[in-house]
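1. Fold the following for me, if possible:
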Amino acid sequence: MNTNVSGHQSANPITCAGHSLLHRTRRTVLKLAVATTIGTGLLGISACSTIDPAIYVNEKPKFDLKSYFNGTVDAWGVVTDRNGKVIKRFSVVLDCKWDGDTGVLDESFTYADGTKDKRIWTLKKNGDRYIGTAADVVGEATGIASGNALLWSYTMALPVDGKIYNVKFEDWMFLMDDETMINRAEMRYFGVKTGEITLSFRKRK
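-> Sure, this is the predicted structure:
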């Protein structure tokens, strides 16, 4: 605090500016968490993981993305902020088709408030590795399968208040049986965790 000539204390402008910047940063991070469109539906992660997918190589059943995401798959999920509070609930229906090693995953989202969204992925398979593209994904998504697990990463361009923010995702998918898969995604913006997405997938017979 500074003291002016009348003896009254006035706020230090540098301190105020710092508090204002911190407030705006926190507000932006919160908006990103709330605004996330759950487009991870199927896939989503960040630049690199601290966990090597190879540690799951002996886990079964073996997760082959092409085999699992073929036909119709249903999923249900929640978005939580960085404190663990649920801020969105949704369901998604995936219509999946493959032509050789190129696949198209058409995701239709329905949120608890009745709003809807859609994302279409184009995937290419190369052994246990995958590359994916979508309209709101920056560059290419990359995936590595090992054992019953799949690690998938990408950066999504999210619109918030007229601006675009590039948010990184890290997805871990774990095949539980031939029909059930669990997905956990972590969102980060400039290295700061903004939230998580948890999904349960069920492949239709």
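2. how about E59, secondary structure?
-> Using DSSP: H, G, I helix; E, B strand; the rest coil, the structure places E59 in coil.
3. What score does the residue lying closest to it once chain neighbours are set aside have for pLDDT?
-> The shortest distance from E59 to any non-neighbouring residue, by C-beta to C-beta, 6 or more residues apart in numbering, is to G147 (3.8 Å). Where you see a C-beta, it was placed from the backbone N, CA and C, and this is true even at glycine. For G147, the pLDDT comes out at 98.
4. for E186, same thing?
-> On the pLDDT scale, E186 gets 93.
5. How about L30?
-> 47.
6. How about A11?
-> Per the predicted model, pLDDT is 49 at A11.
7. what does V34 give?
-> pLDDT, V34: 47.
8. that older thread, count the neighbours of the residue nearest to E59 for me.
-> As a burial measure, G147 scores 19 neighbours (other C-beta atoms under 10 Å).
9. my read: it touches D52, true?
-> No: with contact defined as C-beta atoms under 8 Å, G147 does not reach D52; the gap is 11.5 Å.
10. Need the residues that contact the helix or strand hosting K88.
-> Using DSSP states H and E, K88 falls within strand 86-99. Residues outside strand 86-99 that contact it (C-beta atoms under 8 Å, 6 or more residues apart in numbering) are 33-34, 36, 38, 41-42, 66, 69-81, 103-112, 195, 199.
11. Might you list the low-confidence residue ranges for this protein?
-> Along the chain, segments meeting pLDDT under 70 span 1-49.
12. mind listing the strands for the chain?
-> Counting by DSSP state E, one finds strands in the chain at the ranges 2-3, 9-10, 71-81, 86-99, 102-111, 116-126, 129-133, 137-146, 149-160, 163-175, 180-189, 192-203.
13. in the last one, what's buried?
-> Read it as strand 192-203. Neighbour counts using 16 or more other C-beta atoms under 10 Å place 194-197, 199, 201, 203 of strand 192-203 among the buried residues.
14. V86 pairs with what?
-> On the basis of DSSP bridges, V86 is bridged to T80.
15. Now do it against K168, distance only.
-> V86 sits 22 Å away from K168, taking C-beta to C-beta, to the nearest Å as the criterion.
16. on that earlier part again, make a markdown table out of the strands of the chain and add distance to N58.
-> Shown next, in a markdown table, are the strands of the chain (distance: least, C-beta to C-beta, whole Å):
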| stretch | distance to N58 |
| --- | --- |
| strand 2-3 | 65 |
| strand 9-10 | 66 |
| strand 71-81 | 26 |
| strand 86-99 | 27 |
| strand 102-111 | 26 |
| strand 116-126 | 22 |
| strand 129-133 | 19 |
| strand 137-146 | 9 |
| strand 149-160 | 11 |
| strand 163-175 | 14 |
| strand 180-189 | 18 |
| strand 192-203 | 22 |
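17. Cool, thanks, talk later.
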